[in-house]
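> Sequence first, predicted coordinates after that:
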Amino acid sequence: MVIHSRRAAAGLLAALAAGALVATASVSASALPPEPVPAGGPASVAGPAAGPPPAAPSAGGRPGDAALAEVVRRAVAGAGFADVVDFGLTEGRCPGNPGCSSPARRIRHVPNVDTAVLQLDGDGRVVAAAQVLLSRDYPQAMSVGVDADLRPMGVHWYRWDVNRADGPTAWDAPRIPADDLLTGSDPAAAQVPAGGAAAYPFMSPYPASVFQLLVAAGTLHLVDQGKLALDAPYHYLQAPGSTCLGATFTDTSSTRALLDRMLTGSENRATCMLLKQLTDLGRLDAVNAWLSGLGLGTLQLSGIDAGSGGRWDPGRITMTALDTARLLLLVNGSPGALWQVPEPQTAGMRAITADDALSASSRHLLRGLLADQGFNEVLSTTNWCGRSYPAAGIPQRIAPRWVDGRTGTVTVDGIPYGQDVRPCNAAAQVTFAHKTGLTYNFGGDAGIVDSLPSARDRHYVIVVLSDLGYRYADTRYATSPSLPCTVDVCYPQAFARLGRAVDDALGTAPAAGAPARPAQSPSGPAATGTPGTAAAQPDWPAFVRRPRGIALAF
């Protein structure tokens, strides 16, 4: 990734820190995963004893909403998102230095996890929608209603506040208007009762490099308008005193090549270049207005340094899971009117379609790049094929461009995963066109899932955004002498468990007589003698990941 360029030198990082029938048939009560909580999971973590009861999904014209909401809620609650250790606020300080706790301490609070799933029929129409929130306010996971326009009901969104998340500001300290993610002029703000008194508060996690979806969509919108040419060279030159996340460089590349570098390998430099191209054209504010005009008011790119395309700040770059899923629905080219937004000129409502967002050619390009992205280690874990840890996630097929023809191993941006993925590719059941993100404090994944021929038929969009970056790790790493992300796995396997639980619950069996592809065997946490010790990890790779790129240390 490369804001997801997570295995970076600790010193540099520290410096940077300043049709409804399908809906009812395809999710059944028998498909629901067992109730939580895993041993040592969220219930054992400091925080409120219980949050508000799960909200009943609002009737949005989709009879399958309630069943899907319960699938997703159970998947989130049972994934073990709080069953992790925390290596501390300061990147590079722990583990392995004097004064560091060993074993590392359990996470103090239930993390903030924002999850959305849109279940689609074979033509891409939404047949069920769900959004689930997990936080110290809702430690058992809470589903919220989703209305007919695919907006969450009654959620009061707040910008990420580092001080509130980790101190010194108290979690329940009074808020000010600047904390609000949506303003009163945004149509989605109407979902919050006046004053927010009856709303569910939720502080939206920073999306890490999942925000590259917004950069790509905004860039292709300008291509569609004729303001950019995909194959024309762009000459990147930073303004004096500006850097791209601490890096000083010049470069020349086409927009098409930059989109590929940004989305398939999550390259920071390409992201800075594309953002600076938007600011050079004076179009970044227009991109934000375009997203708001599509009804995606929580998707915003603000605070960007016009001199370099850098400075990506939590609380200024914002995304929520359901709005991200709606953007991916547009990218998917789903047919017909998808939702409505107010039309100021007529005081009426305007229907939003995929063609309103991007041209067919831009959607095709963007979806193809997402299908080619190489970091399959979050909701899907196929890059780790064959290992007992991490747990198997969405059983996706990896794009051939990353697979070595001789060994079957995957290497992305110089990171060798060391596992022969050909058996998992042969057993794959779905494609997953997605974008991952990772920083020290944040992690997420967002994409479009479609079944492969002869596999169980399912189609859905899934998004998870969280404040679980690579400062957190599964408890097996509690006595690791270095951050696990520098040598092995970067994400807690709760993400994979969530992805697999949702995937297992959706869809219908293949047609009679069609040979179904075998699924990857789901696996829970590997048994270890002493959690977290390297000696207890027989399936650790022999290689050590080299530091690469620049990661944000937020």
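Arrived safely, thanks for sending. Residues are numbered from 1 along each chain as shown.

> Kindly state the beta-bridge partners for Val463.
Beta bridges link Val463 to Ala116, Ala446, judged by DSSP bridges.

> dump the residue contacts of it.
Applying Cβ atoms under 8 Å, 6 or more residues apart in numbering to Val463 gives the contacts 114-117, 321-322, 324-325, 328, 444-447. Using the backbone N, CA and C atoms, a C-beta is placed for each residue, glycine as well.

> Kindly report the same for Trp160.
Residues near Trp160 by Cβ under 8 Å, 6+ apart: 203-206, 314-315, 318, 467.

> quick one, phi/psi of it?
Main-chain dihedrals, Trp160, degrees, to the nearest 10: phi -70, psi 130.

> distance of it from Cys485?
Distance of Trp160 to Cys485, computed by Cβ to Cβ, to the nearest Å: 21 Å.

> Please apply the same query to Arg283.
Distance from Arg283 to Cys485, by Cβ to Cβ: 35 Å.

> Enumerate the positions of stretch 82-99 that are buried.
82-88, 91-92, 94-95 (16 or more other Cβ atoms under 10 Å).

> In strands, which of those appear?
Within the buried residues of stretch 82-99, residues falling in strands by DSSP state E are 84-86.

> Could you save those residues as a markdown table and add columns showing pLDDT and distance to Leu452?
Shown next, in a markdown table, are those (pLDDT from 0 to 100; distance: Cβ to Cβ, whole Å):
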| residue | pLDDT | distance to Leu452 |
| --- | --- | --- |
| Val84 | 98 | 32 |
| Val85 | 98 | 37 |
| Asp86 | 97 | 38 |
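
> any chance of these in a markdown table, with distance to Leu365 too?
Below are those laid out as a markdown table (distance: Cβ to Cβ, whole Å):
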| residue | distance to Leu365 |
| --- | --- |
| Val84 | 37 |
| Val85 | 41 |
| Asp86 | 40 |
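
> mind checking how far stretch 480-494 is from the chain centre?
In terms of Cα atoms, centre = their mean, to the nearest Å, the centre of stretch 480-494 is set 18 Å apart from its chain centre.

> Alpha carbons only: can I get it in CSV?
Extracted as CSV, the C-alpha positions of stretch 480-494 are listed here (Å, rounded to 0.1, in the frame of the first residue of the first chain):
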residue,chain,number,x,y,z
SER,A,480,7.4,-10.1,19.7
PRO,A,481,10.8,-8.2,19.8
SER,A,482,9.7,-6.0,16.9
LEU,A,483,6.5,-4.8,15.3
PRO,A,484,5.0,-7.8,13.6
CYS,A,485,4.3,-5.7,10.5
THR,A,486,8.0,-5.3,9.9
VAL,A,487,8.6,-9.0,9.6
ASP,A,488,5.2,-10.7,9.0
VAL,A,489,1.5,-10.0,9.3
CYS,A,490,0.3,-6.3,9.5
TYR,A,491,-3.4,-6.7,10.2
PRO,A,492,-5.2,-8.5,13.1
GLN,A,493,-7.0,-11.5,11.6
ALA,A,494,-10.3,-10.1,12.8
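
> Which positions within that stretch qualify as buried?
Residues of stretch 480-494 classed as buried: 480, 482-494 (neighbour count, 16+ other Cβ under 10 Å).

> Among the residues you listed, name the ones in helices.
Using DSSP state H, the subset of the buried residues of stretch 480-494 located in helices is 484-487, 494.

> need the helix or strand of the protein with the lowest average pLDDT.
Least confident helix or strand of the chain, by mean pLDDT, DSSP states H and E, is helix 10-16 with a mean of 31.

> Identify each buried residue in stretch 214-228, please.
Under the neighbour-count criterion of 16+ other Cβ under 10 Å, stretch 214-228 has 214-224, 228 buried.

> Looking at these, spot the one nearest Thr264.
Ala216 (11.0 Å; Cβ to Cβ).

> List of residues touching whatever helix or strand the closest one lives in?
For Ala216, the host element (DSSP states H and E) is helix 212-224. With contact meaning Cβ under 8 Å, 6+ apart, helix 212-224 is reached by 3, 228-230, 255, 259, 262-263, 266, 271, 274-275, 277-278, 281, 283-284, 287, 290-291, 299-301, 317, 319, 324, 327-328, 331, 357-359, 362, 365-366, 369, 435, 437, 446.

> Recalculate using a threshold of 6 Å.
228, 230, 259, 262-263, 271, 274, 283, 287, 290, 299, 301, 358-359, 362, 366, 435 (Cβ atoms under 6 Å, 6 or more residues apart in numbering).

> So which of these belong to helices?
Mapping these onto helices (DSSP H) picks out 259, 262-263, 271, 274, 287, 290, 362, 366.

> Drop anything exposed from those.
Those of these that meet the buried threshold are 259, 262-263, 271, 274, 287, 290, 362, 366, by 16+ other Cβ under 10 Å.

> Spit out the contact partners of Asn98.
Slight slip there: residue 98 is Pro, not Asn. By Cβ under 6 Å, 6+ apart, Pro98 has no neighbours at all.

> Beta-bridge partners for the closest residue to Val210 other than its chain neighbours, please?
Spatial nearest neighbour of Val210, chain neighbours left out: Gly437 (3.9 Å); criterion: Cβ to Cβ, 6 or more residues apart in numbering. Per DSSP bridges, the residues bridged to Gly437 are Gly444.

> Over to Leu120?
As for beta bridges, Leu120 partners with Val126, His459 under DSSP bridges.

> out of the ones in helices among the buried residues of stretch 480-494, which one sits closest to Ser454?
Minimum distance to Ser454 across these is 30.3 Å, recorded for Ala494 (Cβ to Cβ).

> Kindly state the pLDDT recorded for the nearest residue to that closest one once chain neighbours are set aside?
The spatial neighbour of Ala494 that comes closest, neighbours along the chain excluded (Cβ to Cβ, 6+ apart), is Ala79 at 4.0 Å. Ala79 is assigned a pLDDT of 98 by the prediction.

> Confirm for me that Ala79 is in contact with Ala496.
No - with contact defined as Cβ atoms under 6 Å, Ala79 does not reach Ala496; the gap is 8.5 Å.

> Need the residues touching each of these two.
By Cβ under 6 Å, 6+ apart, no residue touches both Ala79 and Ala496.

> Can you list the residue ranges for strands in the stretch 151-300 of the chain?
Using DSSP state E, counting those that start in this stretch, the strands of the stretch 151-300 of the chain run over 155-158, 200-203, 233-237, 250-254, 300-301.
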